[in-house]
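S.K.: One predicted model, sequence on top.
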Amino acid sequence: MSAALRVAAGLRERVSSGQVPPGTALSQAGLALEFGVSRIPVRDALQQLAGEGLVELRGTTAVVSPLSIEDLQELYELREAVEPIATRLAVPRVGRAATARMTRLLATMDDPALGPGAWIATNAAFHAEVYALAGRPRMVALVEQLRRLTDRYLHLHLDVIGQAAHRQDEHRRILDAVRAQDATAAAELTRHHLASSHAVVLDYLLSS
C-alpha cells in the first residue's frame, strides 16, 4: 500500500467513526508528522477524501465535512435508489458459499461484545456479499462510496441512539429472501432496511 493510500485509509476510518469530529481542521504538516511521511502523500490523501465528500479542502488544510439533515437525506435517497437494484440483480447469482458467509457475519453481529466500529464493518461485509455479485462494477463502487459517507451517521445510530437489534431482524429477513432466491423480496427488504436506518438517524438529528 502506498503512503497516500495508507494515510487516506487511516483518516477515513477516523472521520467515519467520529474519532475526528465534523469541523475539525487537518493540517498537512501535522498529518505528515503523525504518519511519518512527507506532505505529498498527505496532500494526495486529503484530495482523495475530498473527492469522497469526507473533507473540504482549504489551502494547505482540510476541514472534516459537517453532518447535516440535507446531506443525510441525499445519501439515503441515493442508497435507496441504487442498492435495491444491485440486490435484485445479484440474488439469482448468490450461491451457498455466499449465504454461508452471510450467516457467519450475521452471527458475528449478534455478539453483544462487538464494538460499534467492528459492527459497522461486519454489516458492510454482510451486504457486500450480495452486491458483489450484481455484475455492475460501477454500481457497486457507487454503493461503497455512499456507504462510507453514511457510516458517520450510522455511528450515531449505534453510539448515541442505541443498539442494533431491530437491524438484525431486518438482516435475517434479507438473508431468508436471498436463500429463497426471491430477488424481488430481497430488493424490497433492502429498501426498507435503508429507509428504517434513515428514519432513526433523522429523528435523532431533528431532536438534537
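M.R.: That came through, no problem.

S.K.: Do a quick rundown of the helices in the chain.
M.R.: Per DSSP state H, the chain carries helices over the ranges 3-17, 28-35, 39-52, 69-90, 96-109, 116-131, 137-156, 165-179, 183-207.

S.K.: Redo those as JSON lines? Include distance to V63, mean neighbour count and mean pLDDT.
M.R.: C-beta here means a position set from N, CA and C on the backbone, and glycine is covered the same way. Formatted as JSON lines, those follow (distance: least, Cβ to Cβ, whole Å; neighbours: other Cβ atoms under 10 Å; pLDDT from 0 to 100):
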{"stretch": "helix 3-17", "distance to V63": "11", "mean neighbour count": "18", "mean pLDDT": "90"}
{"stretch": "helix 28-35", "distance to V63": "13", "mean neighbour count": "15", "mean pLDDT": "93"}
{"stretch": "helix 39-52", "distance to V63": "10", "mean neighbour count": "19", "mean pLDDT": "93"}
{"stretch": "helix 69-90", "distance to V63": "15", "mean neighbour count": "18", "mean pLDDT": "96"}
{"stretch": "helix 96-109", "distance to V63": "33", "mean neighbour count": "15", "mean pLDDT": "96"}
{"stretch": "helix 116-131", "distance to V63": "23", "mean neighbour count": "19", "mean pLDDT": "92"}
{"stretch": "helix 137-156", "distance to V63": "14", "mean neighbour count": "18", "mean pLDDT": "89"}
{"stretch": "helix 165-179", "distance to V63": "31", "mean neighbour count": "17", "mean pLDDT": "92"}
{"stretch": "helix 183-207", "distance to V63": "20", "mean neighbour count": "17", "mean pLDDT": "92"}
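
S.K.: Turn these into a markdown table, including distance to T61.
M.R.: Shown next, in a markdown table, are the helices of the chain (distance: least, Cβ to Cβ, whole Å):
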| stretch | distance to T61 |
| --- | --- |
| helix 3-17 | 13 |
| helix 28-35 | 7 |
| helix 39-52 | 9 |
| helix 69-90 | 21 |
| helix 96-109 | 37 |
| helix 116-131 | 26 |
| helix 137-156 | 20 |
| helix 165-179 | 36 |
| helix 183-207 | 27 |
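
S.K.: wait, which of these is closest to G59?
M.R.: The closest of those to G59 is helix 28-35. By Cβ to Cβ, the value is 9.3 Å.
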